[in-house]
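Undergrad: no sequence on this one, just coordinates:
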């Protein structure tokens, strides 16, 4: 199984760090319902000011590496790392811009529980193309526009999860179902759903009848000693 997992808004808390760079005292950082819309910076700064802040972010060697995590991030990365150790493929896909993006992101993931992560940087924001090329089975992201495009481009069996925040809650309530996108309160919910799904869609290996071993052979080559066989390639 192949996971595609977004970073900012799913595992890393970007908005409050970007707000700190803006330095506008009227931004309600203590309000848990903030921000309520995706393009919130436009309410607090001019296009010229935003461009200047973005230039600072892009030039920073540590901005992305120093982003804080969400309360659920540690558990989510622990679960994903366990999946990787079990043979599943986990890709962290981001549209970040700046200096040494890949290494900053890898160090951040290692710090929060996923060492030696595979990080893919989508310089053109083309996550749909990456999902198609990877033949991804699971996608977790917080941006509705990305997920609806992935639904159009990805394979029909691709399972898509929306990390819900106040800024995308309207889509989650009104439109997610139309695109077969599952809103979740955290990526932990999505990953545990995949755990449960795999348990349902597995059965005893037909070669070793669930034993995991074969006399005179040893570990079953079909199931690699697990005794289980997937019903289909998307399980």
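TA: Done, it's in. Note that the coordinates shown come from a computational prediction; the quantities given were computed from them, not determined experimentally.

Undergrad: for this protein, what spans make up the strands?
TA: Shown for the chain, the strands assigned by DSSP state E span residues 2-5, 89-94, 118-121, 138-141, 159-163, 181-184, 202-204, 213-214, 218-219, 228-230.

Undergrad: can you give me the offset of stretch 77-85 from its chain's centre?
TA: In terms of Cα atoms, centre = their mean, to the nearest Å, the centre of stretch 77-85 is found 13 Å from the chain centre.

Undergrad: hang on, the earlier thing: now tabulate the strands of the chain in TSV and tack on mean pLDDT.
TA: Listed next are those as TSV, based on pLDDT from 0 to 100:
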stretch	mean pLDDT
strand 2-5	97
strand 89-94	97
strand 118-121	96
strand 138-141	97
strand 159-163	97
strand 181-184	96
strand 202-204	63
strand 213-214	81
strand 218-219	85
strand 228-230	63
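
Undergrad: and those, which is most packed in?
TA: Mean neighbours per residue, mean count of other Cβ atoms under 10 Å, is largest over the strands of the chain for strand 138-141, with a mean of 26. (C-beta placed from N, C-alpha, C; glycine too.)

Undergrad: So which other helices or strands are in contact with that one?
TA: Judged by 3 or more Cβ pairs under 8 Å, 6 or more residues apart in numbering; DSSP states H and E, the packing partners of strand 138-141 are strand 2-5, helix 127-134, helix 144-153, strand 159-163, helix 187-200.

Undergrad: Mind listing the strands it pairs with, and their directions?
TA: Paired strands of strand 138-141, with direction, are strand 2-5 (parallel), strand 159-163 (parallel) (DSSP bridges).
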